[in-house]
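Chemist: task: produce atomic coordinates for the following.
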Amino acid sequence: MISALTRRPARGNLAMTGEITLRGRVLAIGGLKEKILAAVRAGIKTVIFPRTNEKDLQDLPDYVKDKVELVPVAHLDEVFAIVFKGASKSGKANKSRTVSSTRRSALGRVK
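Modeler: Numbering: from 1, shown residues only. Purely as a prediction, here's the structure:
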């Protein structure tokens with residue numbers, strides 16, 4: 001959704017798991033090992049997960065850790081920096097829709 005609103009393409013080879021609060025904090029989740037294994041099977045190269053789940057990585061086999069980049073985050077701002085890393089601000093978006101300046105400015109309030 002953020003990609004469409006900002007007209008910036010998101011990287012397509014990553015996945016994220018975690019609970020996001022209204023203030024943008026990324027909270028712990030269950031089943032991290034299983035989610036990472038599924039992501040690797042699906043060809044995902046980067047998995048973003050809650051920093052508070054780092055302890056769960058000890059359950060992950062080394063051969064899996066070697067196949068995927070695991071990025072712990074604590075806040076949604078960190079997620080945006082990763083998702084849009086290297087993405088052009090003039091990325092391709094659906095030309096048939098326009099985003100009002102009011103909706104666009106709402107993105108700046110996410111903290």
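Chemist: identify the residue spatially nearest to the spatially most central residue of the chain, adjacent ones excluded.
Modeler: Residue closest to the average C-alpha location in the chain (C-alpha atoms, centre = their mean): residue 16, at 4.3 Å. Once flanking residues are discounted, residue 16 sits nearest to residue 48: 4.0 Å by C-beta to C-beta, 6 or more residues apart in numbering. (Glycine included, C-beta is placed from N, CA and C.)
Chemist: pretty sure the one you found is touching residue 20, no?
Modeler: No: the pair residue 48 / residue 20 is not scored as a contact, 11.1 Å apart, by C-beta atoms under 8 Å.
Chemist: among those two, which residue is more densely surrounded?
Modeler: residue 48 (19 against 15; other C-beta atoms under 10 Å).
Chemist: using the three-state scheme, assign residue 70.
Modeler: strand (DSSP: H, G, I helix; E, B strand; the rest coil).
Chemist: what's around the closest residue to it other than its chain neighbours, how many residues?
Modeler: In space, residue 70 comes closest to residue 47 once its chain neighbours are excluded; the distance is 5.6 Å by C-beta to C-beta, 6+ apart. Using other C-beta under 10 Å, residue 47 is surrounded by 20 other residues.
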